[in-house]
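Novice: Predicted model and sequence follow; I will ask about them next.
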Amino acid sequence: MAATRQWHAMEADAVARQLSVDPGAGLDAEAVIQRLAEYGPNAFATRRRSSWPRLVANQFRDFMILVLVAAAIVSGIVGEPRDAIAIVVIVVLNAAVGVFQEYRAERALEALRSLVVQTTQVRRAGRTKTVPTRELVPGDVVLLAPGAAVPADMRLFEAQELAADESALTGESRAVAKNADATREMDLALGDRHSMAFSGSVIARGRGEGIVCATGVHTELGQIAEMLRTLPITRTPLQQRLARFGRRLALIVLGIC
């Protein structure tokens, strides 16, 4: 189920019908197996964590950076130590910035994954049970209590003095009051969708129940994680300028040839 669907504007019973679930009983085992096969696990795609040597080596893949390294070596050999030192300092600073950018992106992705809890309390086949969060599927009925982390995006159908800390998503420092009423407006910011509870937020007070609408990368948090995972690391200013210079130099050389 796509995270962008306007679940907050639908009545709770309409959401239940759309997802073919009885909120009072929850999904049965057969429906869970079918939906798990269809939508996949409630988890983010991972990116292999780079080692420090690999992060450093990545900064020296650019051809012009290698040219600068060669220039520093040649300067040292011909007796120009100051030129060699200046070039080395520039290359090292450029590598340090690049390593920091890649490391920060990996840490941000790990921080998002850490917001997802390992187990969740749900209602299935009329019984309340604790299941691995990875096994949640659209249509699951999740029980929310104070201190519980919301495991997926869900449409609330019951809320008793419920409030959630959504600072990880919206930056709002105060807990946001939640209710089960549909909103009239369709295009609302996440913080204004009071009938929704989003993955990565934490229940500050009250109790509630909700129907899972989106899992894994289809949640709002999952879309952020996917963007961080697939977004190419921005080149440092030096790498960008050297790339432009390298292209111009190649054209000049071809013209001379």
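Specialist: Received, thanks. A quick note: this is a predicted structure, and the numbers were derived from the prediction, not measured.
Novice: Relative to residue 56, how far out is residue 90?
Specialist: Using Cβ to Cβ, to the nearest Å, residue 90 is found at 16 Å from residue 56. For glycine as for every other residue, the C-beta is placed from the backbone atoms N, C-alpha and C.
Novice: One more: residue 154?
Specialist: Distance, residue 154 to residue 56, by Cβ to Cβ: 43 Å.
Novice: Neighbour count for these two, which is higher?
Specialist: More crowded of residue 154 and residue 56, by other Cβ atoms under 10 Å: residue 154, with 29 against 15.
Novice: and the residue positioned nearest the centre of the chain, what element?
Specialist: In the chain, the centroid-proximal residue (Cα atoms, centre = their mean) is residue 225; its distance is 1.4 Å. Using DSSP states H and E, the element containing residue 225 is helix 220-230.
Novice: Can you get me the centre-to-centre distance for that helix and its chain?
Specialist: Mean-position distance between helix 220-230 and its chain equals 3 Å (Cα atoms, centre = their mean, to the nearest Å).
Novice: and what of stretch 88-101?
Specialist: Relative to its parent chain, stretch 88-101 has a centroid offset of 27 Å by Cα atoms, centre = their mean.
Novice: swap in stretch 174-191?
Specialist: How far stretch 174-191 lies from its chain's middle: 22 Å, per Cα atoms, centre = their mean.
Novice: got the buried residues for that stretch?
Specialist: Residues 175-176, 178, 180, 182-183, 190 are the ones in stretch 174-191 that count as buried (16 or more other Cβ atoms under 10 Å).
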